[in-house]
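K.L.:
The amino acid sequence is not available; the structure is as follows:
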């Protein structure tokens, strides 16, 4: 009788332990990357496989930092950073007369742009109208309009761009133009 009690108590703890923790939610694009990784492995598509492994590796490394990648917009910024690095590498390979390596980087860029196009963001015109509206609201209050204050009011909780798929770098560029022209 005693051994069965030990077994049941351990079973109860195991069930609680395994079911009590919830895993982090992944951005939808990340799940697509992982499924495409399996497809690329089966098809032996080396360029796509290299790109996908690098992206997944960088997101896994970012998960161990203070700012893990949790949204498609964050993943898009990572993809754009990789595109920029690949373009720089392609220029260097072209300057060094290495067409084989340049061609490889061009394939990587095409694959990265394909995944970057899957993320939907707000259009530039929509962002411009929202920034202009927020700028007029700030002018009406009589406060001095600065880029930092404008961005803070746009992205603050309850702000005009809070939770919307707008890239911060694009919004910052548009806000700088709007403040300079005002």
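P.N.:
Ah, there it is. As the structure is a prediction and not an experimental result, all values here were calculated from the model. Residues are numbered from 1 along each chain as shown.

K.L.:
only C-alpha atoms for contact and neighbour calcs from this point on.
P.N.:
Fine.

K.L.:
care to break this structure down by domain?
P.N.:
According to the TED database, the chain comprises the domains 26-116, 122-179.

K.L.:
possible to save the ones you listed as JSON lines with mean pLDDT and mean neighbour count?
P.N.:
JSON lines is the format used below for the domains of the chain (pLDDT from 0 to 100; neighbours: other C-alpha atoms under 10 Å):
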{"stretch": "domain 26-116", "mean pLDDT": "93", "mean neighbour count": "15"}
{"stretch": "domain 122-179", "mean pLDDT": "84", "mean neighbour count": "15"}
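
K.L.:
which residues are in contact with the helix ranked longest in the chain?
P.N.:
In the chain, taking DSSP state H as the definition, the longest helix is helix 72-95. Under the criterion C-alpha atoms under 8 Å, 6 or more residues apart in numbering, residues 27-30, 55, 59, 69, 99, 101-103, 105-106, 108-109, 112-113, 115-116, 119, 121, 165-167 lie in contact with helix 72-95.

K.L.:
what do you get if the cut-off is 7 Å, keeping everything else the same?
P.N.:
27-29, 69, 99, 101-102, 105-106, 109, 112, 116, 119, 165, 167 (C-alpha atoms under 7 Å, 6 or more residues apart in numbering).

K.L.:
Please apply the same query to stretch 36-50.
P.N.:
By C-alpha under 7 Å, 6+ apart, stretch 36-50 touches 52, 107, 108, 111.

K.L.:
Pull the distance from it to the chain's centre.
P.N.:
Relative to its parent chain, stretch 36-50 has a centroid offset of 21 Å by C-alpha atoms, centre = their mean, to the nearest Å.

K.L.:
what does stretch 129-139 give?
P.N.:
Distance, stretch centre to chain centre, for stretch 129-139: 27 Å (C-alpha atoms, centre = their mean).

K.L.:
what's the answer for stretch 104-118, then?
P.N.:
So, by C-alpha atoms, centre = their mean, the centroid of stretch 104-118 is 15 Å from its chain's centroid.
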